[in-house]
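> The amino acid sequence is not available; the structure is as follows:
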């Protein structure tokens with residue numbers, strides 16, 4: 001062995017760095033979790049808005065009149081109305097067909113003042129007038145071919161704003177309702193005929209007799 005090999009000392013290893021303790025790592029993480037919780041507690045609470053806003057345009061309530069305020073309903077029947085005539089596409093061609101006019105309540109109304117009667121029917125939901133004519137004694141209800149629950153008649157109708165000659169067909173749920181409607185219609189036609197002839201309705205309440213008695217008691221004197 002040579003002297004050089006004897007004089008060489010073994011190389012020293014570098015000191016190992018100590019690993020950070022797990023407890024020290026966990027502490028900052030816990031503090032980080034607590035901070036958002038504290039911030040949420042310190043944050044101001046949201047308040048509900050109580051502000052009120054008034055509309056720029058104020059609409060007033062308007063009383064809508066149906067034109068039936070001075071009338072009483074004598075009878076009503078749910079039914080479907082049909083009209084015979086030209087469609088808009090067939091206008092002027094003379095080609096006439098049956099088409100549905102609407103479903104609703106067919107009613108007979110009597111005016112409280114002049115006692116005249118009319119037939120009125122409105123389309124349900126929209127309340128549009130689809131038939132409106134006086135109960136003319138000359139109107140004849142004819143059975144519809146092939147059906148025992150519908151009637152056909154022609155009249156001068158005012159539903160579209162002007163007097164027009166129209167042909168209607170009214171269909172009911174069954175034949176019994178159809179027969180009852182015909183009886184009521186013709187019954188009130190007779191009442192209308194008497195009224196047009198100048199015959200007053202029977203005085204059921206005796207009002208005419210009371211008025212006549214009161215007139216007899218009146219006296220006039222010359223001053």
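Sure, I can see it. What you are looking at is a predicted structure, and each value in this text was computed from that prediction instead of being measured. Numbering: from 1, shown residues only.

> what stretches of this structure score poorly on pLDDT?
1-47, 49, 64, 199-223 (pLDDT under 70).

> which residue ranges form the helices in it?
3-7, 22-42, 175-196, 207-217 (DSSP state H).

> helices or strands next to the third one in the packing?
Okay, so that is helix 175-196. Using 3 or more C-beta pairs under 8 Å, 6 or more residues apart in numbering; DSSP states H and E, the elements in contact with helix 175-196 are strand 71-85, strand 97-111, strand 117-123, strand 150-157. Heads up, the C-betas are built off the backbone N, CA and C, glycines and all.

> same thing but 10 Å
strand 71-85, strand 97-111, strand 117-123, strand 150-157, strand 164-171 (3 or more C-beta pairs under 10 Å, 6 or more residues apart in numbering; DSSP states H and E).

> Quick check: which of the ones you listed is buried the most?
strand 117-123 (a mean of 21; mean count of other C-beta atoms under 10 Å).

> Could you spell out the sheet neighbours of it, each with its direction?
strand 97-111 (antiparallel), strand 129-134 (antiparallel) (DSSP bridges).

> that older thread, looking at the helices and strands packed on helix 175-196, which is closest to residue 139?
strand 150-157 (5.3 Å; C-beta to C-beta).

> and residue 192, how many neighbours?
As a burial measure, residue 192 scores 20 neighbours (other C-beta atoms under 10 Å).

> what sits against it?
For residue 192, the contacting residues are 108, 110, 115, 116, 117, 118, 134, 135, 136, 137, 139, by C-beta atoms under 10 Å, 6 or more residues apart in numbering.

> roughly how far apart are it and residue 74?
To residue 74, residue 192 is 11 Å away according to C-beta to C-beta, to the nearest Å.

> which neighbours do the two share?
With C-beta under 10 Å, 6+ apart as the test, residue 192 and residue 74 both reach 108, 110, 117, 135.

> residues contacting the second one?
It stands for residue 110. Per C-beta under 10 Å, 6+ apart, neighbours of residue 110: 70-74, 116-118, 135, 188, 191-192, 195, 201.

> Export those to CSV and append columns for distance to residue 158.
Formatted as CSV, these follow (distance: C-beta to C-beta, whole Å):
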residue, distance to residue 158
70, 17
71, 15
72, 20
73, 18
74, 19
116, 13
117, 14
118, 9
135, 13
188, 18
191, 20
192, 16
195, 19
201, 24
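
> related to what we said a few turns ago, can you name the two of the shared contacts of residue 192 and residue 74 that sit furthest apart?
110 and 135 (9.2 Å).

> hey, what's in contact with both of these two?
In contact with both residue 110 and residue 135: 74, 116, 117, 118, 188, 191, 192, 195, using C-beta under 10 Å, 6+ apart.

> Of all the helices and strands packed on helix 175-196, which one comes closest to residue 57?
strand 117-123 (31.0 Å).

> is it true that residue 145 touches residue 152?
Yes. Counting by C-beta atoms under 10 Å, residue 145 touches residue 152, with 8.5 Å between them.
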